[in-house]
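J.: okay, structure incoming, though there's no sequence with it:
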């Protein structure tokens, strides 16, 4: 019996250590002030409105892109999508971004895409902060600095306590699985290949 308790304690300890090594704790912060700088990356977009969605579907939102209103639910249709909640301040998030960039390139023709939801700890110039990081890191997928969206998402699915947290969304717009903590390229590819041909 003591051996079983010891094993269980060790498993719990290892799980906690794994989370601390691969994810950053997520604190709630007030809504960030948005900037309207014309020097922003075209891949950093502002959430316009947030609306409810169907069961097991990400909370819907709209944004303006190239003068047209876009809607997340339409954007997700027919594709396998990683919805990646991350922050520029988070080392495990920054470590997995080169893998996400490679995956976005490699699997785009197979109907795979990534949507970044940047959760920043500052209230000032969030759009500029994320845009500068996107440009510097050559990120090739859309990013939405939006704590209000993350809060709505959390109300529906539970708090996003650690970043990075990635939700895998299927071609039907339903969430297939959740990845908490950073992953390497091979781990991400295994997850994509589970769903890409279905």
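T.: Received it, and whenever you're ready, just let me know what you need. Please read these numbers as outputs of a predicted model, since none were measured by experiment.

J.: show me the strands in this protein, by range?
T.: Ranges of strands in the chain, per DSSP state E, are 24-25, 47-51, 60-65, 68-71, 80-86, 112-118, 142-145, 162-163, 165-169, 175-180.

J.: name the nearest residue to the residue nearest to the spatial centre of the chain, sequence neighbours excluded.
T.: Centroid-nearest residue in the chain: residue 84, 1.3 Å away (criterion: Cα atoms, centre = their mean). Leaving aside its sequence neighbours, residue 84 sits nearest to residue 166 (Cβ to Cβ, 6 or more residues apart in numbering; 4.7 Å). Heads up, the C-betas are built off the backbone N, CA and C, glycines and all.

J.: any idea how far residue 143 is from that neighbour?
T.: Note on residue 166: its distance to residue 143, by Cβ to Cβ, to the nearest Å, is 13 Å.

J.: which neighbours do those two share?
T.: By Cβ atoms under 8 Å, 6 or more residues apart in numbering, residue 166 and residue 143 have no common neighbours.

J.: neighbour-wise, which of the two wins?
T.: Higher neighbour count among residue 166 and residue 143: residue 166, with 27 against 22, using other Cβ atoms under 10 Å.

J.: quick check: the more buried one touching residue 178?
T.: Yes: counting by Cβ atoms under 8 Å, residue 178 is a contact partner of residue 166 at 7.4 Å.

J.: tell me, what's the model's pLDDT at the residue nearest to residue 84?
T.: Here, the pLDDT recorded for residue 166 equals 98.

J.: and it, how far is that from residue 81?
T.: According to Cβ to Cβ, residue 166 stands 10 Å off from residue 81.

J.: what of residue 187?
T.: Residue 187 sits 17 Å away from residue 81, going by Cβ to Cβ.

J.: just residue 52 next, same as before
T.: Noted for residue 52: a distance of 19 Å to residue 81, by Cβ to Cβ.

J.: who has more neighbours out of these two?
T.: Applying other Cβ under 10 Å to residue 52 and residue 81 shows that residue 81 carries more neighbours, namely 26 against 9.

J.: thanks a lot, catch you later.
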